[in-house]
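Q: coords please:
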Amino acid sequence: QVQLVESGGGLVQTGDSLRLSCAVSGGTFSRNPMAWFRQSPGKEREFVAGISGSGGSTKYADSVKGRFTISRDNAKNTAYLQMNSLKPDDTAVYSCAASTLVYNAVYVPSAAYHYWGQGTQVTVSS
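A: Purely as a prediction, here's the structure:
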C-alpha cells in the first residue's frame, strides 16, 4: 500500500524558513511526478509546486516563485519543499502528492495526482 507522509510543518514567524519533507513508502515513485498543494480554511486546495520524475523540470505558483523550492531525492524516495521568506498568507495545510502519469512532466491540476499524504500544518504569524 502506497503511503506518503509529510513532515516539517510548524509555527514560525514572518520571514522565517521551513523545509517540508514527503517520504513515500509501499511503492517506488522515484520516476514519477510529484507536487505540493496547500489548503487554508475557507479556500480551495491550490497547487504550490511540482517536479518531474527526473527532477529536471519544476513549476511554481506565482505566489511562491522566488521563495519556495521543490526538490527530490530519488534514492530516498523523498520530495522536499524549501520555504523561505514565509508570509502569513502561506498559512495552510500542505500536502504532497504523487502521480502515475508520464515520467518527465510536471502537472498542475490536482486530478493528475493519484496518491496523497495527510498533510502538515504550516502557520506563519505576523
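Q: List the contacts of the most centrally placed residue in the chain.
A: The geometric centre of the chain, computed from its C-alpha atoms, lies nearest to W36 (C-alpha atoms, centre = their mean), at 2.2 Å. If you count contacts by C-beta atoms under 8 Å, 6 or more residues apart in numbering, W36 has them with L20, C22, V48, A49, G50, I70, A79, L81, Y94, S95, C96, A97. For glycine as for every other residue, the C-beta is placed from the backbone atoms N, C-alpha and C.
Q: Test my guess that the fourth one contacts A79.
A: So the one you mean is A49. No: the pair formed by A49 and A79 falls short of the contact definition of C-beta atoms under 8 Å, at 9.5 Å.
Q: and of the contacts of W36, the nearest to A111?
A: Comparing those against A111 with C-beta to C-beta picks out A97 as the nearest, at 10.4 Å.
Q: I'd say that closest one and G119 touch.
A: No: under the criterion of C-beta under 8 Å, A97 is not in contact with G119, lying 10.4 Å apart.
Q: Compare neighbour counts for the two and give me the winner.
A: Comparing A97 with G119 by other C-beta atoms under 10 Å, the one with more neighbours is A97, at 23 against 18.
Q: Quick check on the more buried one: phi, psi?
A: Main-chain dihedrals, A97, degrees, to the nearest 10: phi -140, psi 150.
Q: roughly how far apart are it and R38?
A: Here A97 is placed at a distance of 11 Å from R38 (C-beta to C-beta, to the nearest Å).
Q: That's all I had, so thanks and see you.
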